[in-house]
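A.B. asks: Return a 3D structure for these sequence lines:
(one chain, ligands or ions: 1)
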Amino acid sequence: KSTAVRNIDGSINNIKEDDEEDVVDLAANSLLNKLIRQSLVESSHHVEVLQKDPSSPLYSVKTFEELRLKEELLKGIYAMGFNRPSKIQEMALPMMLAHPPQNLIAQSQSGTGKTAAFVLAMLSRVNALELFPQCLCLAPTYELALQTGRVVEQMGKFCVDVQVMYAIRGNRIPRGTDITKQIIIGTPGTVLDWCFKLKLIDLTKIRVFVLDEADVMIDTQGFSDHSIRIQRALPSECQMLLFSATFEDSVWHFAERIIPDPNVIKLRKEELTLNNIRQYYVLCEHRKDKYQALCNIYGSITIGQAIIFCQTRQNAKWLTVEMIQDGHQVSLLTGELTVEQRASIIQRFRDGKEKVLITTNVCARGIDVKQVTIVVNFDLPVKQGEEPDYETYLHRIGRTGRFGKKGLAFNMIEVDKLPSLMKIQDHFNSSIKQLNAEDMDEIE
Ligand code: ADP
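C.D. replies: From the prediction side, this is the model:
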């Protein structure tokens, strides 16, 4: 039995289930990102804007006051600790709040303030005195819907008469019930049922329609079609907004189908680079050998915190046991854990409670732990057929150029993996030096 999974670069990989390789689950990663988020993510790039009407003036705001929001909404924003709009919000908010409403497609990596922006738009357009659904937000999973709902509740803390309802599995409402809450957040399947089967939502009365995490959405079977069916029943004056962290062609095609006459905003991601990283490899014969090499490295240099990547859960577990027996403080992060458990492990690691984090591909990207000085590839990331997985290599080891401190990376390589490593070296045009396992003096 095998499962098709998406690689980080979007290509498809077939993985046998008994391989125990952890696969990248887009929705889980997205949730994890939200749970461990501590602040806004910066980008040094400029926001790119494509207006549907290029002749209309382009506004951007540097303060929330300029937006002339309702008093209670402004209070909510400041109560969340926001001082000024994020980079993407500077451009997106004036468009989203314009009269007449404008449609928008916005793309920027997670953590740049998209959710806060559309929550603000929904809260600002809602009429608290009208007791029926006016804003509809689609999210890819139950958990992500709840996360967005929390933001609505926080930001709308002082908008006392505005209420949120969740159209998610398990929330059973009898057919024909009169829903008095103004903001509905849900997953496409349940929302579809609520609209057409149970007649709980009158789509012709919706003023703001948000499609969040479009890249995750189209990755889920059926969700694009559900979303399009919902969108087709909206009135033409309804404002339509779509957000995505990544923008491959498939996302773009979907966005264009579902958002008529959009403005488009993009904020490019800070690129990862290997420039600040000194990379080494040690030739090993087997797993025990690799572990010995790891111990030698530990014996010869002072290590702050380290992340060690293994290709399978089984290897990760084995290594964890070995290291604990040798007295290291280690934690293990694999795909068997729930997203909440993963978030708490990452938090403990960030707080320095453990010095070593052993993990599989489940978190090759995402966990950004500033104090990590060393990354170890206990197994080299490979795709099927021993083809190196360049993207994963970069995500494990790379740092963003602007914020990156210097780092060290070690690859434990069986002889038969050496060609793959050389391919990685060529691909990134960077040097990976050999280390002698018994003599680590060469590490500067
Ligand atoms: P995204 O939806 O792009 O992932 P979020 O809207 O969730 O981003 O914002 C990421 C983090 O930054 C959240 O913790 C959020 O509370 C915070 N945030 C959003 N906008 C601002 C702002 N203008 N000022 C300060 N923090 C902000």
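A.B. asks: the helices in this structure, which residues?
C.D. replies: For the chain, the helices defined by DSSP state H cover 26-36, 71-79, 87-97, 114-125, 142-155, 188-192, 214-217, 223-232, 249-258, 287-300, 313-325, 339-350, 390-397, 418-428.
A.B. asks: out of those helices, nearest to residue 358?
C.D. replies: Proximity to residue 358, assessed across those by CB to CB, is greatest for helix 313-325 (5.1 Å). Just so you know, the C-beta spots here come from the backbone N, C-alpha and C atoms, and that holds for glycine as well.
A.B. asks: Run through who's touching that closest one.
C.D. replies: 20-22, 287, 291, 308, 310, 330-332, 334-336, 356, 358-360, 378-379 (CB atoms under 8 Å, 6 or more residues apart in numbering).
A.B. asks: which of the residues in that helix are buried?
C.D. replies: Of all the residues in helix 313-325, those buried under the rule 16 or more other CB atoms under 10 Å are 313, 315-320, 322-323.
A.B. asks: Would you mind naming what in the chain lies close to the ligand?
C.D. replies: Neighbours of the ligand within the chain, by CB under 6 Å from any ligand atom: 37, 39-40, 80, 82, 85-86, 89, 110-116.
A.B. asks: same thing but 5 Å
C.D. replies: By the rule CB under 5 Å from any ligand atom, the part of the chain lying against the ligand is 37, 40, 82, 86, 110-116.
A.B. asks: Give me the mean pLDDT for stretch 209-218.
C.D. replies: Averaging pLDDT along stretch 209-218 gives 96.
A.B. asks: ends of it, how far apart?
C.D. replies: One end of stretch 209-218 to the other measures 17 Å (CA to CA, to the nearest Å).
A.B. asks: could I get the buried residues of helix 313-325 as TSV with distance to residue 170 and pLDDT?
C.D. replies: Below are these laid out as TSV (distance: CB to CB, whole Å; pLDDT from 0 to 100):
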residue	distance to residue 170	pLDDT
313	30	89
315	37	91
316	33	93
317	33	93
318	38	94
319	39	95
320	35	94
322	42	94
323	41	93
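A.B. asks: ok now do the residue nearest to residue 433 when sequence neighbours are not counted, which residues does it touch?
C.D. replies: Nearest residue to residue 433, sequence neighbours excluded (CB to CB, 6 or more residues apart in numbering): residue 280, at 5.2 Å. Contacts here follow CB under 8 Å, 6+ apart; on that basis residue 280 touches 408-411, 432-435, 442-443.
A.B. asks: Neighbour-wise, give me the winner out of these.
C.D. replies: Counting neighbours by other CB atoms under 10 Å, residue 411 comes out on top of those with 30 neighbours.
A.B. asks: ok, now which ones touch the residue lying closest to it once chain neighbours are set aside?
C.D. replies: Leaving aside its sequence neighbours, residue 411 sits nearest to residue 281 (CB to CB, 6+ apart; 4.1 Å). Residues in contact with residue 281 (CB under 8 Å, 6+ apart) are 410-413, 421, 432-435.
A.B. asks: Relative to residue 392, which of those residues is nearest.
C.D. replies: residue 411 (12.7 Å).
A.B. asks: what about the closest one, distance to the ligand?
C.D. replies: Note on residue 411: its distance to the ligand, by CB to the nearest ligand atom, to the nearest Å, is 32 Å.
A.B. asks: Between the helices of the chain, which one is closest to residue 135.
C.D. replies: helix 114-125 (4.1 Å).
A.B. asks: and that closest one, what does it pack onto?
C.D. replies: Taking 3 or more CB pairs under 8 Å, 6 or more residues apart in numbering; DSSP states H and E as contact, the helices and strands that helix 114-125 lies on are helix 71-79, helix 87-97, strand 104-108, strand 135-138, helix 142-155, strand 208-211, strand 239-244.
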